[in-house]
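Asks: sequence first, then the predicted structure:
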Amino acid sequence: MEHVRPSTLDEALEGLAAPDAKALAGGQSLLPVMKLRIVRPSVLVDIGRLELGGVHMSENELRLGALTTWNELESAQELERPALAALAECASGIGDLQVRNRGTLGGSLAHADPASDMPAVVLALGAQIVLRAASGERTVSAEEFFLGPFTTALGPAELITEVVFPLVEGSGSAYVKVEHPASGFALAGAAAVVRPDGGQSVALTGMGGQAFLLASDANPVDALPDAEIYGDRFAPVEYRRHLAGVVARRALDRARERMEGTGE
Amino acid sequence: MSESVIGVSRPRVDAPDKVTGATHFAADGHVHGLLHARLVLSTEAHALLQRVERDAALAMPGVVAVLTADDLPLASAGSDRTTEPLARTEVVFAGQPVALVVAESEAAAEDAVEAVVVEYEPLPAVVDVEDAMLPGRALARVLEEDAGGGDLESIHAGVDKGQEDGEEEQLSGNVLDTVHRNAGDATALLETSDVVVSGTFRTPWVYQAYIEPQVATAWLEPNETLVVSTSTQGSFVTQRELARAFGLPLERIRVIAEPLGGAFGGKLALMEPLAAGAALALRRPVRVVLTRAEDFQATNPASAQVTHLKIGARKDGTLTAIAARMIVDRGSNAGWGVEGITSLLVAGPYRWEAHEIRGYGVQTNRFTFGAYRGPGAPTAAFALETLMDELAVELELDPLELRLQNAVVEDDVGVSGNPFPRMGAVEVLERIRTHPLWQSRDSLPDNEGVGLAAGYWPGGNEPAAAVCRVNQDGTMTVVTSAVDMSGVNTGFAAIAAETFGLSPDQVRVVAADTATGPYSGASGGSKVTYTVGKAVLKAAEAAREKLLAAASDELEIAPADLEVVDGVVRAVGAPDHSITVAEISGKALRFGGRYEPIEGHGGSAQTRGAPSVAAHLAHARVDRETGEITLLAHVIAQDVGRALNPALVEGQMRGGAAQGIGWALYEELVHDENGQLLTGSFLDYAIPLAERVPDIDTLIVEVPAPDGPFGAKGIGEAPVIAAAPAIANAVAAAVGIRLRELPMTAPRVWATLEESGA
Amino acid sequence: MPAARQLELVINGERRSAEVEPRTLLVHALRDGLGLTGTHVGCDTSQCGACTVLLDGRAVKSCTMLAVQAEGAEVTTIEGFARNDELHPIQRAFVEHHGLQCGFCTPGMILTASDLLTRAPDPDDATIRRALRGNFCRCTGYQSIVDSVRAAATALREGEAA
């Protein structure tokens, strides 16, 4: 395996064109699977030092650079508002302090672990994901991005550069999960957004092959088709289905409290 | 006199090295020309080995050898982990070492492991311990049977197995051992008891989860001495096991026990036969360091157990009889199991008029059973202490009063048939009674509860010796071969300082190896302070006698009229007449010196047991919607004999309680029906994390052990035992459900709540 | 096998050079290449935290980082944490408040605590426990470690004030 450290985004995209090349950012998703020898890249394109970080807030949107770390997200003052509280809340519950120092938003979304937390938040907040290839840039919605377990719309020679969140003034958001006691991954996680016009979005993660949005006005529990739900030795289908309803309701309640200013 | 150093909290003697990275653990030492071994583990739970294809691995860069059992210079045909460190012909659990890849670097060895191909002829995997007992069932081992012959069992707690009886139950050949403890007519007494409660309790295989994975390094000295530097609980026992494995005389084996990165019962002679075998075969230094994944699969966790238990009482709360049938899953361990000790401890620290207890040690194709802090005890306590609580409810008695009323006192005869030595069962319960948490148990918010449970550990004995040597500068060096698993060296320093008359910072404790040190048994069974500590005390006394003889000569005052205070020998009542220990030692340790070196040797051979008992209070909150249990507070009251260093004693109490929390809520090694391990990493196997362990309030109760040094006794095992049932009883108090299986995971709690409609 | 190369690292304030392959994890470069064995390996799933070091002052798991990723950064291991031959206040607190037993997790605990206390000089117990989530201890039950970190926080604040 080779390691290259391009100094520009264009060089990085060039490097990714090599067969079995993999982009390395913080490495908190990639290195664990490389250690297990599940992933064996021929070239690691180390993008960790490219200028792809940063929390950029404008009047009607939030732009998060792909290399923004979980720690930056959990401590960013810009995110201390009900409409975006789910982001920091979610980030602060990922992994542990050391992992949050290194792990990045873009790296995690690209990895698309079906039990990871942030996909639910990205979905519920209606984010757009900006992808860059040598041939140019495209933007896909979060819903279009996640395709299945460890599978996304990201092409092999493409990088996530930014994630863009629309700002809905006056809305509230929250992320609630019940985690596996060993891995810390979500047995069921729910991100909820409630808007002043009465609309709401709920996305679930940890339930099946990928995070998904619930139909806009559905009762969270009834909206779950059986096929979507994983069962395993630790948490059977029936339990996960039940948890989905619990975390969805709790996330909605908390999002509403935040919107109404009655929460913390 | 200066202040006593006994009973005073002091930092551990090894703390400065441990906070600076100066401590060299067993994987840290630099050895010239070192080769690195990596294990090839069986992918089958039960199979005959057909062929190990090694050419591809041998062709890889840096690979020196691929060794199988036939390549190791093993002396006998046994089938335990010492005599068969690599499977010969039959593999008996998934994860059993089958081959060793030895290479110039760890990375090269790891790469090559993937290239070793092992062919198996699968056999039926025996994974259900209850089913395995039935006559006619498939056997977990079809070829060789060997009772082992090592002495690993006696390390943890030597207990007898009760009486033989005539009646023969029809059992399969998987049942390797049966235990029967019986007195009075328990069956009849249970029939006539006013209240009887019963249940079947299950506990899983549980992993010691020491943070330092298992590791050993071995090499041959030019004079053919086999040197093994290792992370072990006992150097002499490892030396004996290696002699047994390779047929070498003891004098040719030198075992060096390095600082131990946690063990809790699990580090005894598993890695050393592998490293030594490879070093003997290749005549080069070889280190075996397990990865965590290998450590999960290839080591020796605590047995799974099934306990059928029934207990009875009279209306007034007097316990009548106990009947138990306890099935212990030994995995592949033919040598020993916990059926002896668990069938003793299931009776708890209580008086019974009659008992009828049977234990079964059953082989399966799951791991090799090994010891884990209080072997067989947490699982026995979970069953008994749950039923004690249920009994209290049925009798409408306070659960603490019920326990107090029946708690053993000195000379009560236990189910072992022997009288209990002095043990503070009553005292720890009395301390709990007045604790604010217990007092507030009836005024808690909804879904919160406080639970109580108690348990004891009988303690262990093994003769031991120690040397106390005064150096030229007046400081003392204490030499033992005890492995410091729990802070015992810090206790030895206090014992020696107090006995001799120095301050503890003038005492250094060094761990010697099998070539140089006085004898010591392995650290385990809660016996080191009680036995080696006693030897240190006697060695310090012997050194003091030499000191006083010399000082008497120097000061012209009879020894009986001298005292030693902070390194100065002085006349009682006339402190101006004095001479320092350093001055005397200086006169001894020199050419033409006048006195014998100020050095003492001491030994101990404890015969009486010194059991330690602990009671726990757990305060839990149950989330009825998710089934999650949150621990809000925990209290442990333990009879520690005498707390030589209270801070270290509290550390043992809290550490044990935290492991008990693991038993209660998180820990479970699970196999599928084919014997494949499903929870073989910390991503699947949860241990208590900092944010899930509450503050643990420690109540030290001191009921001195008559034979212990300053009344001290072994305290390591007792604090783990009754934590889980205390939490289970707290859950019952919170939401009214009784779980019969550990761990009480959120999905299980939720399912039980659903079933109960609570 | 890909060619090993010399990697320049700044470790404990000194410029050091180690031979590494691209795949070499930082922890192995530290332990095997540079003899800094105070950084321990306790798991292979990036969880136990025994391998924690500071990278530009931030706690990272050196088992989940390639050595080449540390190029140009300042790495601090437990061996370089003491200040001028004197124990760092966090180290001293772990000694005095009995924040260790076997000691295998201790270097990682101390370095994670250092990161925490840099950001949160006066953390409550819940914050300390949360910060230590990625550091396993099997001996202590954690309380003495939490006590040590709290005491270190006080010592550091008082040191700043002085």
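Replies: It's in. Since we're looking at a predicted model, the values are computed, not measured. Numbers count the residues shown, from 1 in each chain, chains lettered A, B, ... in the order given.
Asks: and stretch B:434-448, anywhere near chain A?
Replies: No. Stretch B:434-448 does not reach chain A (Cβ under 8 Å from any Cβ of the partner chain); its nearest approach is 14.7 Å. In short, each C-beta sits where N, CA and C put it, glycine included.
Asks: which residues touch that stretch?
Replies: B:400, B:432, B:449-450, B:452, B:617, B:619-624, B:632-633, B:635, B:637, B:697, B:699, B:733-735 (Cβ atoms under 8 Å, 6 or more residues apart in numbering or on different chains).
Asks: who in chain B is up against chain A?
Replies: B:114, B:625-628, B:665-666, B:670, B:678-679, B:682-686, B:692, B:745-747, B:750-751.
Asks: walk me through the domains of the chain.
Replies: No chain in the question, so chain A it is. A:1-46, A:172-260 (automatic domain parsing).
Asks: switch to chain C, please.
Replies: Using automatic domain parsing, the domains assigned to chain C come out as C:5-80, C:89-161.
Asks: got it, and chain B?
Replies: Taken from automatic domain parsing, chain B resolves into B:15-21+B:462-604, B:35-123+B:214-289, B:305-460+B:608-756.
Asks: out of these, which is closest to B:N182?
Replies: domain B:305-460+B:608-756 (5.3 Å; Cβ to Cβ).
Asks: how far does that closest one stretch from one end to the other?
Replies: Taking Cα to Cα, to the nearest Å, domain B:305-460+B:608-756 runs 25 Å from one end to the other.
Asks: what average pLDDT does that domain get?
Replies: Mean per-residue pLDDT for domain B:305-460+B:608-756: 97.
Asks: tell me where the stretch 1-150 of chain A has strands.
Replies: For the stretch 1-150 of chain A, applying DSSP state E, counting those that start in this stretch gives strands covering A:2-4, A:21-24, A:43-46, A:55-57, A:61-65, A:128-133, A:136-141, A:146-148.
Asks: same check, this time on chain C
Replies: C:5-11, C:14-20, C:52-55, C:58-61, C:74-76 (DSSP state E).
Asks: quick one, helices of the stretch 601-750 of chain B?
Replies: Assigned by DSSP state H, counting those that start in this stretch, the stretch 601-750 of chain B shows helices spanning B:646-665, B:718-721, B:723-735, B:746-756.
Asks: could I get those as CSV with distance to A:G148 and mean neighbour count?
Replies: Shown next, in CSV, are those (distance: least, Cβ to Cβ, whole Å; neighbours: other Cβ atoms under 10 Å in any protein chain shown):
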stretch, distance to A:G148, mean neighbour count
helix B:646-665, 33, 27
helix B:718-721, 44, 32
helix B:723-735, 39, 28
helix B:746-756, 25, 18
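Asks: out of the residues of chain B next to chain A, which end up buried?
Replies: Buried subset of the residues of chain B next to chain A (neighbour count, 16 or more other Cβ atoms under 10 Å in any protein chain shown): B:625-628, B:665-666, B:670, B:679, B:682-686, B:692, B:745-747, B:750-751.
Asks: what stretches of the stretch 151-264 of chain A score poorly on pLDDT?
Replies: A:216-227, A:263-264 (pLDDT under 70).
Asks: which parts of chain C sit against chain A?
Replies: Checking chain C against chain A by Cβ under 8 Å from any Cβ, the hits are C:2, C:22-23, C:25, C:44-47, C:49, C:52, C:55, C:58-61, C:63-66, C:68-69, C:112, C:115-116, C:119, C:130-135.
Asks: just the buried ones from those residues?
Replies: By 16+ other Cβ under 10 Å, those give C:22-23, C:25, C:44-47, C:49, C:52, C:55, C:58-61, C:63-66, C:68-69, C:112, C:115-116, C:130-135 as buried.
Asks: burial of C:D122, as a residue count?
Replies: For C:D122, the count of nearby residues is 11 (other Cβ atoms under 10 Å in any protein chain shown).
Asks: dump the residue contacts of it.
Replies: C:D122 neighbours (Cβ under 8 Å, 6+ apart): C:153, C:157.
Asks: what of B:A497?
Replies: B:5, B:476, B:503-504, B:506-507.
Asks: now list the buried members of these.
Replies: Buried by 16+ other Cβ under 10 Å: B:5, B:476, B:504, B:506-507, out of these.
Asks: still on that earlier bit, format the domains of chain C as TSV; extra columns: mean pLDDT.
Replies: Shown next, in TSV, are the domains of chain C (pLDDT from 0 to 100):
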stretch	mean pLDDT
domain C:5-80	96
domain C:89-161	97
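Asks: what residues does the stretch 1-150 of chain A put near chain C?
Replies: Checking the stretch 1-150 of chain A against chain C by Cβ under 8 Å from any Cβ, the hits are A:1-3, A:5, A:24, A:27-28, A:31-32, A:34-36, A:44, A:46, A:48, A:71, A:75, A:95-99, A:101-102.
Asks: which of these are buried, as a PyMOL select command?
Replies: Buried residues within the residues of the stretch 1-150 of chain A next to chain C, by 16+ other Cβ under 10 Å, are selected in PyMOL with:
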select buried, chain A and resi 1+3+5+24+27+28+31+32+34+35+44+46+48+71+75+95+96+97+98+99+101+102
